[in-house]
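Undergrad: Quick one: sequence plus predicted model below, questions after.
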Amino acid sequence: MTDTPSSEIAACSLVDVDYRYGDTIALRCVSLRVAPGESVALIGPSGAGKTTLLRVIAGLFQPSAGAVEVMGRSLAGLRPGRELAGLVGMMQQQLDLVLQLAVKHNVQAGYLGRWGTLRSLAALAFPIESTGARNAIRRVGLEDRIATRVGRLSGGEQQRVALARLLVQDPDLVLADEPVSALDPALADDLLALLRDLVSDRPGERPGESMAPRALIASVHQPELALRHFDRIIAMRSGQIAFDKPADDVTEKDLDLVYSLVARAPTPEPAAAGQ
Amino acid sequence: MATVRPGEALHTGGLGALGEITSSAFTPDLSWDTIRLAAIAAFRTLMYAVAGMSIALLIGVPLGIAASGVLFRNPLARFGVVVAIRGFLAVLRSVHEIVWAVLFVFALGLSPVAGVLAIGIPYGGILGRIIAERITDAPERPLDALRATGASPFQVLMYGQLPIATPDLVSYLFYRLECAVRAAAVLSFVGLGGLGFRITIALDDLNYDEAWTSIYALVILVAGIDLWSAQVRRRLL
Ligand SMILES: Nc1ncnc2c1ncn2[C@@H]1O[C@H](COP(=O)(O)OP(=O)(O)OP(=O)(O)O)[C@@H](O)[C@H]1O
Ligand SMILES: [Mg+2]
């Protein structure tokens, strides 16, 4: 289950993390540990705190209490930007692509933390692509759309662009907030399979380099998809972890409990919290 | 034009002239000479407008980016620079191009440079403000995603705010170019050659047919810019 050799650095570890939005307590006393190479699905009803948890792990939100470490490093001490970008990257619920730019430029933005000013300007001005970006675009199957403006792509294609950008950024810990909520079931299956494969298969950028295996945490609304594609399921409810077990051990009853409407929610949940 | 005094415009001769001017609209002078002169004047007007817009861009792009404040990490430096540059841009555009033209003609004489500067300076102030606004109005979420990849403020500007603002800005630039053409035509009433000048001398000679040739040239010029703009926008959107 969650016990990995304790000598190994955790891809991410949270100890007693709380997060509040003003008076709303969105996370309370959340502790978890994810090992490199693991793939974890976050499930739970709307408003359970999945997005909040991912944003805390990504270093976008400072926890109100508790400690967050990514690859053994405390996020509190990290400069946002370059350093953080190599450790953790996130695909947001809204994709946050620049719709006016071509696929390749959106994907190459994954390099910005490592590129200097001149290099990033040249990549915009000249029709050249870095091999890394071209590979990432090929792996998500968008090779023939490489110069298309992202605003002209379908939702599923945009999802793939966001994924390719994340591959280029190449963080140790990949977070994804509802990467498939906007897709039809068949596409959702494809994309999750792709996400998992891409995360687990991590060729070193320079030959001979050994890279730590990536870890993946993704929030997923449909439990069937979570069970099919992930090793481990963490269920959230009212800001707390309801259960945390290997996907194979999750029963119907577990799911019923998490999603049942007999809410013990401390705050009135808006009908459609989140997006 | 200079001969019209208040009160005179409404007496019988004035009404007669109005009728004559109106009916001449259907009989513009289409002789080769007039058309040639109108075409040259139209080209000249366009060049004033284009040169004026180039100066406006030289002023507006860097100052607009600076005035948006996105390149400054230090809030105090940002505040200082933003306030100073916004103020400067406001001064540039609060003086009308005709007033700038009078000033420059006074300083430089009847030189094309005076006309170009008279358009370029106030338009630079306007563009600077619009560019700053478009940059600060860019949606935060895609910018946050860029920052999360470790991008510097300048990289975020190049990969985020500027491309996001570009389609709107290009539309606006074309609109401004159209305004600049009209302004250039008006400026030639101050004595800088161009379509306005042709219209003035034709009217002074009571040569209404010829005046209409120049007016139609202006209409064609503006319509041409409109067509061009539609084409560019279609490619951008
Ligand atoms: N910006 C905010 N300000 C105040 N409260 C918020 C804010 N964002 C979320 N919340 C509250 O925090 C709680 C957790 O929200 P969160 O977005 O993390 O849920 P979620 O599990 O991602 O939901 P969904 O499945 O609908 O995306 C909810 O009760 C929500 O109303
Ligand atoms: Mg959410």
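TA: Cool, got the structure. Ligands and ions are numbered 1, 2, ... in the order given.
Undergrad: Tell me, what's the model's pLDDT at the residue in chain B that ligand 2 sits nearest to?
TA: Of all residues in chain B, the one sitting closest to ligand 2 is B:Arg141 (13.8 Å; CB to the ion). C-betas here are computed from N, CA, C, even on glycine. On the pLDDT scale, B:Arg141 is placed at 89.
Undergrad: Please name the nearest non-neighbouring residue to B:Arg134.
TA: Leaving aside its sequence neighbours, B:Arg134 sits nearest to B:Ala165 (CB to CB, 6 or more residues apart in numbering or on different chains; 3.8 Å).
Undergrad: quick one: that neighbour from A:Gln100, how far?
TA: Distance of B:Ala165 to A:Gln100, given as CB to CB, to the nearest Å: 9 Å.
Undergrad: cool, B:Leu108 as well?
TA: From B:Leu108 to A:Gln100 the distance is 41 Å (CB to CB).
Undergrad: what's near enough to touch the residue in the stretch 151-275 of chain A that chain B sits nearest to?
TA: Per CB to the nearest CB, A:Gln169 is where the stretch 151-275 of chain A lies closest to chain B, at 5.1 Å. Under the criterion of CB atoms under 8 Å, 6 or more residues apart in numbering or on different chains, the contact list for A:Gln169 reads A:Ala85, A:Gly89, A:Gly110, A:Tyr111, A:Gly113, B:Thr149.
Undergrad: Please narrow those to those residing in strands.
TA: A:Gly89 (DSSP state E).
Undergrad: and the spatially closest residue to A:Arg149 that is not a sequence neighbour, backbone torsions?
TA: For A:Arg149, ignoring the flanking residues on the chain, the nearest one in space by CB to CB, 6+ apart is A:Ala102 at 5.7 Å. Torsion angles at A:Ala102 (phi, psi; degrees, to the nearest 10) stand at phi -70, psi 160.
Undergrad: A:Ala102 reaches A:Gly151, doesn't it?
TA: No - at 10.1 Å, A:Ala102 does not count as touching A:Gly151 under the criterion of CB atoms under 8 Å.
Undergrad: so what's the residue nearest the centre of chain B up against?
TA: Centrality entry for chain B: nearest residue to the mean C-alpha point is B:Ala180, 2.3 Å, by CA atoms, centre = their mean. With contact set as CB under 8 Å, 6+ apart, B:Ala180 has these partners: B:Tyr48, B:Ala49, B:Val50, B:Gly52, B:Met53, B:Ala56, B:Ile119, B:Tyr123.
Undergrad: I'd like these as TSV, with neighbour count appended.
TA: Formatted as TSV, the contacts of B:Ala180 follow (neighbours: other CB atoms under 10 Å in any protein chain shown):
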residue	neighbour count
B:Tyr48	27
B:Ala49	28
B:Val50	16
B:Gly52	29
B:Met53	24
B:Ala56	26
B:Ile119	28
B:Tyr123	27
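Undergrad: Of those, which belong to helices?
TA: B:Tyr48, B:Ala49, B:Val50, B:Gly52, B:Met53, B:Ala56, B:Ile119, B:Tyr123 (DSSP state H).
Undergrad: Check what pLDDT the fourth one gets.
TA: At B:Gly52 the predicted local distance difference test score is 95.
Undergrad: near chain B, which residues of the stretch 51-200 of chain A?
TA: A:58, A:60, A:80-86, A:89-90, A:92, A:94, A:96-101, A:105, A:109-115, A:117, A:120-121, A:124, A:165, A:169 (CB under 8 Å from any CB of the partner chain).
Undergrad: List only those of those residues flagged as buried.
TA: A:58, A:60, A:84-86, A:89-90, A:92, A:96-101, A:105, A:109-115, A:120, A:124, A:165, A:169 (16 or more other CB atoms under 10 Å in any protein chain shown).
Undergrad: And the residue of the stretch 1-150 of chain A found nearest chain B, how far from ligand 1?
TA: Residue nearest to chain B within the stretch 1-150 of chain A: A:Gly113 (2.1 Å; CB to the nearest CB). Note on A:Gly113: its distance to ligand 1, by CB to the nearest ligand atom, to the nearest Å, is 26 Å.
Undergrad: The nearest residue to that residue once chain neighbours are set aside: neighbouring residues, count only.
TA: Among residues not flanking A:Gly113 along the chain, B:Gly150 sits closest, at 2.1 Å (CB to CB, 6+ apart). Per other CB atoms under 10 Å in any protein chain shown, the neighbour tally for B:Gly150 reads 23.
Undergrad: So B:Gly150 sits against A:Leu84, correct?
TA: Yes - the criterion here is CB under 8 Å, and B:Gly150 meets it with A:Leu84 at 7.2 Å.
Undergrad: List the residues that contact A:Ile241.
TA: With CB under 8 Å, 6+ apart, A:Ile241 has these contacts: A:Val30, A:Ser31, A:Leu32, A:Ile234, A:Ala235.
Undergrad: how many neighbours does A:Ala125 have?
TA: By other CB under 10 Å, neighbour count at A:Ala125 equals 9.
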